[in-house]
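> Sequence plus predicted model, see below.
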Amino acid sequence: MNKIIYFDGISFCKDERTNYYLSSKRIDGKRKRLHVYIWEKENGALPAGFCIHHKDMDKANNTISNFVLMSKAEHRRMHQIINVQNAEYKHNMIKHLDSIRDMTKEWHASKEGREWHAQHYEKNKTRLHVKKEFTCQCCGKKYIAVYNGHNRFCSNNCKSMQRRIDGRKNKIDND
């Protein structure tokens with residue numbers, strides 16, 4: 001039996017798969033999780049690319065003081081670290097990955113797998129190739145580039161200059 005919580009006259013039902021409380025009706029066009037609804041009521045809409053983290057890791061504790069606004073990437077990394085620290089989780093994950101590795105290689109190489117990836121790319125390519133503004137860590141100049149996870153310098157000259165400043169001029173690395 002699902003547990004139901006009422007907040008602002010809206011019922012939120014516990015999703016047994018995720019353990020989050022999900023609104024029973026659409027709010028702003030979609031079914032919202034209770035913690036997101038509470039955060040947005042208190043602070044306004046979530047910025048793009050951000051999510052709400054429960055400090056105490058208890059998805060049932062939906063008090064505003066238990067919430068932290070985090071980038072989705074930061075939140076993912078934090079949970080990866082927690083999961084890796086959990087030895088049983090790590091052992092089971094490795095065992096599972098070992099058991100499906102050959103199947104995944106086969107599927108990715110199949111016509112169906114290649115078609116799925118092509119469709120997935122078409123759906124997401126506009127988000128993948130968005131140009132953003134960055135500040136060069138060497139000269140401080142602002143520049144525009146497609147985000148690649150390593151956008152630190154406006155040019156190879158600045159990248160080389162920073163290596164010399166850091167004393168890494170002879171080391172080849174991926175800045």
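Good, I have the coordinates. Remember, predicted model here, so these are calculated numbers, not experimental data.
> and the lengthiest helix in the chain, what does it pack onto?
As assigned by DSSP state H, the longest helix anywhere in the chain is helix 87-109. Other helices and strands packing on helix 87-109, by 3 or more CB pairs under 8 Å, 6 or more residues apart in numbering; DSSP states H and E, are helix 72-85, helix 111-128. All C-beta atoms are positioned from the backbone trio N, CA, C, and that covers glycine.
> Could you count how many residues lie near Lys32?
If you count neighbours by other CB atoms under 10 Å, Lys32 ends up with 21.
> Over to the one 4 residues further on?
Here the neighbour count serves as a burial measure; for Val36 (other CB under 10 Å) it reads 21.
> Quick check: which element contains it?
helix 34-43 (DSSP states H and E).
> State the next helix or strand along the chain beyond that helix.
Scanning onward from helix 34-43 (DSSP H and E), the first element met is strand 50-54.
> ok, that next one: who's next to it in the sheet?
Strand pairing for strand 50-54, determined by DSSP bridges: strand 67-71 (antiparallel).
> for the strand it pairs with, which positions count as buried?
Residues of strand 67-71 classed as buried: Phe67 (neighbour count, 16 or more other CB atoms under 10 Å).
> between that strand and helix 34-43, what angle do the directions make?
For strand 67-71 against helix 34-43, the angle by axes from the mean of the first three to the mean of the last three CA atoms, to 10 degrees is 90 degrees.
> Distance from strand 67-71 to the middle of the chain?
Using CA atoms, centre = their mean, to the nearest Å, the mean C-alpha position of strand 67-71 is found 12 Å from that of the whole chain.
> got it, and stretch 100-116?
Using CA atoms, centre = their mean, the offset of stretch 100-116 from its chain centre is 24 Å.
> Stretch 80-96 now?
Mean-position distance between stretch 80-96 and its chain equals 19 Å (CA atoms, centre = their mean).
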